[in-house]
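1. Starting from these lines, generate the structure:
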Amino acid sequence: MTKLMLSILAGLTIAGTGASVAAADSNCQDFEIHVHNEFEVGGDAKDIRVVDFSYWDDEDSRWRNETTSNSVIGVGDDDLWEKNLSYVGGETGVVIRVFFQVFDGGWGPTIHRDSNAFRCIDGDHLDIDVD
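-> Numbers count the residues shown, from 1 in each chain. Take a look at the predicted model:
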């Protein structure tokens, strides 16, 4: 009987711990990503086309993909995406990776730029300069 009670209590403790982690992971909704284009090739400013995003989940040590609609951003312009970064709510060490192509007589290969690390909070935003 004692072993059974200990097993039940251990199960409740583990389940309770999982619930608090899941709640923390759901707090980064309606997060805005502002991308500003300052990209140059050989001193000439170029248009870019944002094709995808990923974000670093520091708690789980992995990149998570965020699909997006392709958007061309002219020289000196910016664009905005609203995302639900559901796995990193309240965490520090989050990084946004912007995947883009540069127009230089045609669209080039996909390259990326990373933001600085930040704390992801519901309803907040992040400005990323692509240069």
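2. any idea where the strands of this structure begin and end?
-> With DSSP state E as the criterion, the chain has strands at 31-37, 40-41, 44-45, 48-57, 62-66, 71-73, 78-83, 95-102, 111-114, 125-130.
3. which one of these lies closest to G89?
-> For G89, the closest of those is strand 31-37, at 9.3 Å, according to C-beta to C-beta. Just so you know, the C-beta spots here come from the backbone N, C-alpha and C atoms, and that holds for glycine as well.
4. which secondary element of the chain has the worst mean pLDDT?
-> Taking all helices and strands of the chain together, the one with the lowest average confidence (mean pLDDT, DSSP states H and E) is helix 2-24, at a mean of 43.
5. if we can go back for a sec, with mean neighbour count, mean pLDDT and distance to G89 added, can I get the strands of the chain in JSON lines?
-> Rendered in JSON lines, the data for the strands of the chain read as follows (neighbours: other C-beta atoms under 10 Å; pLDDT from 0 to 100; distance: least, C-beta to C-beta, whole Å):
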{"stretch": "strand 31-37", "mean neighbour count": "19", "mean pLDDT": "97", "distance to G89": "9"}
{"stretch": "strand 40-41", "mean neighbour count": "12", "mean pLDDT": "94", "distance to G89": "36"}
{"stretch": "strand 44-45", "mean neighbour count": "11", "mean pLDDT": "96", "distance to G89": "36"}
{"stretch": "strand 48-57", "mean neighbour count": "20", "mean pLDDT": "97", "distance to G89": "11"}
{"stretch": "strand 62-66", "mean neighbour count": "13", "mean pLDDT": "95", "distance to G89": "12"}
{"stretch": "strand 71-73", "mean neighbour count": "16", "mean pLDDT": "97", "distance to G89": "25"}
{"stretch": "strand 78-83", "mean neighbour count": "15", "mean pLDDT": "96", "distance to G89": "12"}
{"stretch": "strand 95-102", "mean neighbour count": "20", "mean pLDDT": "98", "distance to G89": "15"}
{"stretch": "strand 111-114", "mean neighbour count": "14", "mean pLDDT": "97", "distance to G89": "20"}
{"stretch": "strand 125-130", "mean neighbour count": "16", "mean pLDDT": "96", "distance to G89": "14"}
